[in-house]
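Colleague: pasting the sequence and the predicted model now:
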Amino acid sequence: MATLTLPEDSYRELYGPTPSYMPSGGWDTREPDKLVKTHCCFCGVQCGIQLKVKDNKVIGFEPWEEFPVNQGKLCPKGVKRYMQNEHPDRLLAPLIRNHEGFRDATWYEALRTTPKAIKDVQATYGKDAFAFLGGASMTNEKAYLNGKFSRIALGTANIDYNGRLCMVSAGAANRMAFGVDRAANPWSDIPLAKAIVLTGTNLAECFPILTDCVWRARDNGARIIVIDPRVTPIARTADLFLPVRPGRDSALAHGILHVMIEHGWIDEKFIAEHTHDFDKVRDLAKKYSPQVAEKITGVPAKNIIKAAEIWGPVETSMLLHARGIEHHTKGVENVLSYINLVLASGRIGKPGCGYGTITGQGNGQGGREHGQRCNQLPGGRDINKPADRQFIADFWGIPEAELPKQGLTACEIIDAIERGEIKGLLSISFNPLVSIPDSNRTRAALEKLEFFACIDFFLSETARYADVVFAGSLQEEDEGTVTTGEGRCVRLRNLVPPPGYAWLDWKIICELADLLGKGQFFKYRKPEEIFTELTAASKGGPIDYRGMTYQKIEQNMGVFWPCPSREHPGTPRLFEGGKFHHPDGKAKFHAYEYRPPAEDVDAEYPIFFTSGRVVSQYLSGTQTRRIGSLLDQYPEPLCEIHPLLAGKLGIKDRDLVKVTTRRGEMTLPAQVVKRIRPDRVFIPYHWAGKKAANQLTNRALDPISKIPEYKVCACRVEKVAEAPKAVTSLNGLHRLIAKTPNSRASTM
Ligand code: SF4
């Protein structure tokens with residue numbers, strides 16, 4: 001393709017303007033009225049932070065050094081999280097769509113319009129034609145409420161949440177292997193490990209404060225193995241880096257296990273006494289010699305052997321993974337293959353020995369525990385098990401027959417809207433237009449809805465398609481609990497009231513339930529009452545919070561579940577004494593052959609494509625794209641490409657490139673860097689519209705977890721234009737973009 005050098009204006013036209021954002025601003029030095037101990041609103045570490053409040057505004061922060069997880073430390077997102085509170089884009093009143101766009105509405109109008117529309121949709125098409133989508137950044141209380149509201153007030157089976165795009169492969173694998181879905185260890189165990197495997201986790205950018213635990217382990221003599229197709233920041237500090245070919249993760253795990261078995265670096269006694277099905281895994285691993293694994297994964301056989309040498313014989317070890325191995329059509333199989341390495345070593349359920357899932361969302365753990373998933377009831381109960389259904393039906397005081405059955409997952413709900421089977425939707429704190437793969441299809445689906453209502457604090461890209469938008473609440477405007485990635489339930493504090501006419505989310509849901517004729521089930525006066533009910537509903541379930549109270553959580557700086565009684569101190573470390581949560585107390589090995597991704601490279605699309613996160617942004621960017629100082633760090637998506645591949649395609653740093661997959665294309669500047677494999681390009685996914693990486697990604701789902709295959713598909717890359725002279729660096733690029741006018745709807 002012929003290329004040309006564009007003038008700056010044309011470059012901007014192609015690349016598009018930037019959304020409005022909060023300027024970086026100065027440090028507010030006023031004496032605060034109060035300093036409140038709470039938690040960061042972003043990732044699943046849930047760092048402790050003290051927020052400063054002045055005149056009912058959050059104006060800054062102080063470290064909370066006593067909170068044991070982060071001990072006062074915060075990452076770049078954490079130190080700026082307070083800035084969202086005063087953002088001019090904050091929704092201050094409900095909005096109703098009219099022929100010109102949105103108009104401000106009264107609560108009376110918004111609340112009357114919505115139940116009527118819900119009833120109309122359900123009367124015409126049936127109960128399940130109205131769906132609910134929740135979020136995993138919300139509190140445990142709201143997650144519980146979402147599930148109860150959907151099943152009792154809406155009477156729909158079709159409720160799911162955005163954690164379906166995030167942690168469900170790990171969750172399913174955890175239940176299959178261990179009988180329970182939680183990290184096995186508190187993070188305080190990480191520094192005690194002598195070998196650490198980090199697989200598919202860009203830890204330093206996505207879960208930054210946890211990096212400190214890994215470095216403390218290294219200071220104590222631990223050796224670190226990082227498995228990833230990119231040389232992420234944590235990979236640069238590893239003792240051994242294995243740059244696996246995209247979508248080949250389980251073959252690498254089998255190869256490492258092969259060497260462990262060959263050298264006797266497995267714990268036969270533990271395997272015999274505490275596990276099932278190792279024979280099947282032994283037979284499987286036999287086929288994956290280091291040479292065979294090298295052929296599939298691209299990792300040299302000698303390094304596969306080296307990984308086994310580091311991991312195999314040590315006394316203590318931890319294995320941590322995240323979306324890199326989970327965002328696949330075989331995400332569950334990948335996780336189970338790495339769990340096999342942990343079980344074979346016998347190093348689990350002891351200090352410094354175990355396993356954990358890195359949860360990306362603020363309440364990634366708690367958000368998946370209390371019943372807002374289509375297949376789950378409160379307490380982690382199974383919606384398909386008669387005894388579990390009866391327990392919850394009795395608890396809620398409804399006939400079991402009225403409790404909806406299992407419904408569709410998040411992506412399946414969007415597909416059902418596309419097919420015209422689901423006609424109405426209520427969503428809260430979920431931005432599917434940015435976060436679900438193949439966003440052009442998601443947009444077309446949203447346009448087909450007969451009625452769509454959103455609850456959110458900013459007008460997200462998805463909310464722009466709604467008929468009614470309810471102005472909801474930010475984390476600091478409400479109270480409740482969240483459960484961190486280590487299984488510690490912590491307390492969030494209410495600092496300031498919602499501004500203008502915005503309402504607390506839980507009150508909006510209760511009000512809607514009342515107007516749908518089910519108010520008697522939602523008589524809460526404060527979140528603590530929802531929490532008390534949630535804990536009672538969890539009693540005796542796989543996820544037992546029964547012994548927790550707000551007071552106990554606060555006094556202990558968090559309580560780990562299971563915590564079955566008021567006297568119980570909580571359970572920081574699971575599986576002590578080799579006791580797993582399957583009925584017979586044993587863990588299970590799982591033997592899955594490696595299989596290729598749903599879409600592999602070929603002559604037409606010869607390059608692997610993958611997406612992920614950058615440190616200054618969070619999920620679909622609804623919050624962080626509005627905080628200027630975070631945007632300054634990484635203002636717009638860039639296409640990471642290796643110099644070898646770039647050279648072959650005639651691409652130089654900051655040239656405009658077009659990336660095309662079978663689903664769409666996007667044009668953006670190239671970032672030529674050695675940190676990526678030469679057979680692959682990477683684009684972060686935090687932006688919307690023409691800047692959305694999810695225009696390209698594949699919606700193929702894992703058959704068990706129903707997670708989409710974000711991490712691998714096939715693309716081609718072409719140079720479109722030379723970078724203009726002004727754009728020679730990220731800062732130059734940002735200066736250029738900063739000249740564009742701010743616009744609320746700029747990215748659509
Ligand atoms: Fe917030 Fe996570 Fe950063 Fe901690 S590590 S400050 S919880 S984004």
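Modeller: Here it is on my side, so go on.
Colleague: pLDDT score for the closest residue to the ligand within the stretch 351-500 of the chain?
Modeller: Using CB to the nearest ligand atom, residue 362 is the residue of the stretch 351-500 of the chain that sits closest to the ligand, at 7.3 Å. C-beta: built from backbone N, CA, C; applies to glycine. Model confidence at residue 362, given as pLDDT, is 87.
Colleague: residues in contact with it?
Modeller: By CB atoms under 8 Å, 6 or more residues apart in numbering, the contact list for residue 362 reads 40-44, 46, 136-137, 475, 482.
Colleague: quick one: residue 482 and residue 43 touch, right?
Modeller: No: the pair residue 482 / residue 43 is not scored as a contact, 11.0 Å apart, by CB atoms under 8 Å.
Colleague: so which residues on this protein come close to the ligand?
Modeller: 40, 42-43, 45-47, 70, 74-75, 77-78, 208-209 (CB under 6 Å from any ligand atom).
Colleague: tell me how many other residues crowd the closest residue to the ligand within the stretch 151-300 of the chain.
Modeller: For the stretch 151-300 of the chain and the ligand, the shortest gap (CB to the nearest ligand atom) falls at residue 209, measuring 3.8 Å. Counted by other CB atoms under 10 Å, the residues lying close to residue 209 total 21.
Colleague: wait, doesn't it sit right on residue 72?
Modeller: No: taking contacts as CB under 8 Å, residue 209 lies outside contact range of residue 72: 10.2 Å.
Colleague: all helices of the stretch 301-450 of the chain, in order?
Modeller: 301-311, 323-326, 331-345, 386-396, 410-418, 432-435, 439-448 (DSSP state H, counting those that start in this stretch).
Colleague: quick one: which of these is nearest residue 237?
Modeller: Nearest to residue 237 among these is helix 301-311 (14.8 Å), distances taken as CB to CB.
Colleague: identify the residue of the stretch 51-200 of the chain closest to the ligand, quick one.
Modeller: Taking CB to the nearest ligand atom, the stretch 51-200 of the chain has residue 78 as its residue nearest the ligand, at 2.3 Å.
Colleague: ditto for the stretch 601-748 of the chain
Modeller: Of all residues in the stretch 601-748 of the chain, residue 618 sits closest to the ligand, at 7.0 Å by CB to the nearest ligand atom.
Colleague: residue contacts, that residue?
Modeller: 42-43, 77, 624, 686.
Colleague: can you show me the CA trace of stretch 153-170 as CSV?
Modeller: The C-alpha coordinates for stretch 153-170 follow below in CSV (Å, rounded to 0.1, in the frame of the first residue of the first chain):
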residue,chain,number,x,y,z
ALA,A,153,-38.9,-8.1,40.9
LEU,A,154,-38.1,-8.7,37.2
GLY,A,155,-38.7,-12.5,37.4
THR,A,156,-36.1,-13.0,34.6
ALA,A,157,-33.5,-15.7,34.2
ASN,A,158,-31.3,-13.4,32.2
ILE,A,159,-29.1,-11.7,34.7
ASP,A,160,-25.4,-11.7,34.4
TYR,A,161,-22.5,-9.3,35.1
ASN,A,162,-19.3,-7.9,33.6
GLY,A,163,-17.1,-10.3,35.6
ARG,A,164,-18.1,-12.7,32.9
LEU,A,165,-15.5,-10.9,30.8
CYS,A,166,-12.9,-11.1,33.5
MET,A,167,-12.6,-13.8,36.3
VAL,A,168,-15.0,-16.6,35.3
SER,A,169,-12.5,-19.0,33.7
ALA,A,170,-10.5,-18.9,37.0
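Colleague: got the domain ranges for this structure?
Modeller: 8-84, 95-166+363-567, 188-357, 607-737 (automatic domain parsing).
Colleague: thank you, goodbye.
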